[in-house]
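Enquirer: Whatever this is, show me its structure:
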Amino acid sequence: MMRSAFSTVACPAWTLPRVCETACELRYDGVELRTFGYGNSDLACDPAHSDPAKIARMFDEAGSAIASVATSLRFDEPVKPAVIGRAFGDFEGPVRAGKMMVDLARDLGCPFVRVFAFEKHRREKLDACAKRIGERLFKVVDHSRNTGVRVLLENGGSFSTGQSLRAIIDKADLQGLLGVSYSAAVGRAAGESVEAALDALGDRIQMVKVKEIRGGKPAALGEGELHGDAVVESLRERGFDGWVVYENDQLWAGSQSDPSAALAGVPAMVLGRKRAS
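Expert: Next up, the predicted model:
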């Protein structure tokens, strides 16, 4: 059975207790906690800035789950100069950051960490970019062994479709530990349906992101131009049993409005019921 979650990009000003309370009130199965890592953040609910044991206890006592720790990590930075840049540059920087996020998810009792690939540079061949990304990402995936955490690679940039992620997965996977978080809106913009992504990646897809836009602004699921409700219906018809994460991008839109109304109704939709009027 599909499980519902919302991303905290919907509520950048909310505290973690309010996030947890809202998830329970609206009957979500869990929450995806967005993080910008250790340091400054625009999120009052960034899990990197609180005691992970306390956060885990809060969600556990409320009967809600932390579905994922969603990071901004990407592994595409070029090596300059081409050879000695590995020795004198910071080739391992994204690897260290990725390992820290895996450790954070472990301490939160969270099963997934979301990362990106992201894009090739100038005249670089896509396969060369995939190789560099895969080399770095493999080390993070290797670090995740025996932690109970699985790294999820999300489509975007030069790797916007599920099919395009295969080139990286083939280079970065270890014992089936590398999964996929699939953004249906990004795939749709690249001409790929969620059904095609499922065909290409199968049970690698552990999470599907859905969102809505209306008039250039975030909208409630099923009330916009991206037809996120149709994506949910397609997932149900295909028997998808992973997480469906609703992204209401208030963080990027800079909105100060209360997102509660937009968040309401998504769990019922995931279960195949009509949105409450």
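Enquirer: ok, the residue nearest to residue 272 when sequence neighbours are not counted - contacts?
Expert: The shortest distance from residue 272 to any non-neighbouring residue, by C-beta to C-beta, 6 or more residues apart in numbering, is to residue 236 (5.9 Å). For glycine as for every other residue, the C-beta is placed from the backbone atoms N, C-alpha and C. The contact partners of residue 236, taken as C-beta atoms under 8 Å, 6 or more residues apart in numbering, are 2, 270, 272.
Enquirer: want to throw the residues you listed into JSON lines with neighbour count, secondary structure and pLDDT?
Expert: What follows is the contacts of residue 236, written out as JSON lines (neighbours: other C-beta atoms under 10 Å; DSSP: H, G, I helix; E, B strand; the rest coil; pLDDT from 0 to 100):
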{"residue": "2", "neighbour count": "18", "secondary structure": "coil", "pLDDT": "96"}
{"residue": "270", "neighbour count": "23", "secondary structure": "helix", "pLDDT": "95"}
{"residue": "272", "neighbour count": "10", "secondary structure": "coil", "pLDDT": "90"}
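Enquirer: Keeping just the C-alphas, turn stretch 21-31 into CSV.
Expert: The C-alpha trace of stretch 21-31 is given here as CSV (Å, rounded to 0.1, in the frame of the first residue of the first chain):
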residue,chain,number,x,y,z
GLU,A,21,1.5,17.6,14.9
THR,A,22,0.2,18.6,11.5
ALA,A,23,1.3,15.3,9.9
CYS,A,24,-0.8,13.5,12.6
GLU,A,25,-3.8,15.8,12.4
LEU,A,26,-4.0,15.5,8.6
ARG,A,27,-3.3,11.7,8.8
TYR,A,28,-0.1,11.6,6.8
ASP,A,29,1.9,8.5,7.3
GLY,A,30,5.1,10.5,7.5
VAL,A,31,7.1,13.6,6.6
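Enquirer: ok, residues contacting that stretch?
Expert: The contact list for stretch 21-31 (C-beta under 8 Å, 6+ apart) reads 3-8, 11, 14, 19-20, 59, 62-67, 243, 260, 263-264, 266-268.
Enquirer: got the buried residues for that stretch?
Expert: For stretch 21-31, the neighbour count (16 or more other C-beta atoms under 10 Å) marks 22-23, 26, 28-31 as buried.
Enquirer: One more: stretch 146-153?
Expert: For stretch 146-153, the neighbour count (16+ other C-beta under 10 Å) marks 147, 149-153 as buried.
Enquirer: For these, which two are the farthest from each other?
Expert: Pairwise distances across the buried residues of stretch 146-153 (C-beta to C-beta) peak at 16.9 Å, for the pair 147 and 153.
Enquirer: moving C-terminal of the helix or strand of the chain with the lowest mean pLDDT, what's the next helix or strand?
Expert: Ranked by mean pLDDT, DSSP states H and E, the weakest helix or strand in the chain is helix 85-88, scoring a mean of 52. Once the chain leaves helix 85-88, the next helix or strand it forms, by DSSP states H and E, is helix 93-108.
Enquirer: Grab the CA positions of that following helix and hand them over as CSV.
Expert: Taking C-alpha atoms only, helix 93-108 is exported to CSV below (Å, rounded to 0.1, in the frame of the first residue of the first chain):
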residue,chain,number,x,y,z
GLY,A,93,33.9,17.1,-0.6
PRO,A,94,30.5,15.9,-1.7
VAL,A,95,31.4,12.4,-0.4
ARG,A,96,32.1,13.7,3.1
ALA,A,97,28.9,15.7,3.1
GLY,A,98,26.9,12.7,1.8
LYS,A,99,28.3,10.4,4.6
MET,A,100,27.3,13.0,7.2
MET,A,101,23.7,13.0,5.9
VAL,A,102,23.6,9.2,6.0
ASP,A,103,24.7,9.4,9.6
LEU,A,104,22.1,12.0,10.3
ALA,A,105,19.4,9.8,8.8
ARG,A,106,20.6,6.8,10.8
ASP,A,107,20.4,8.9,14.1
LEU,A,108,16.9,10.0,13.1
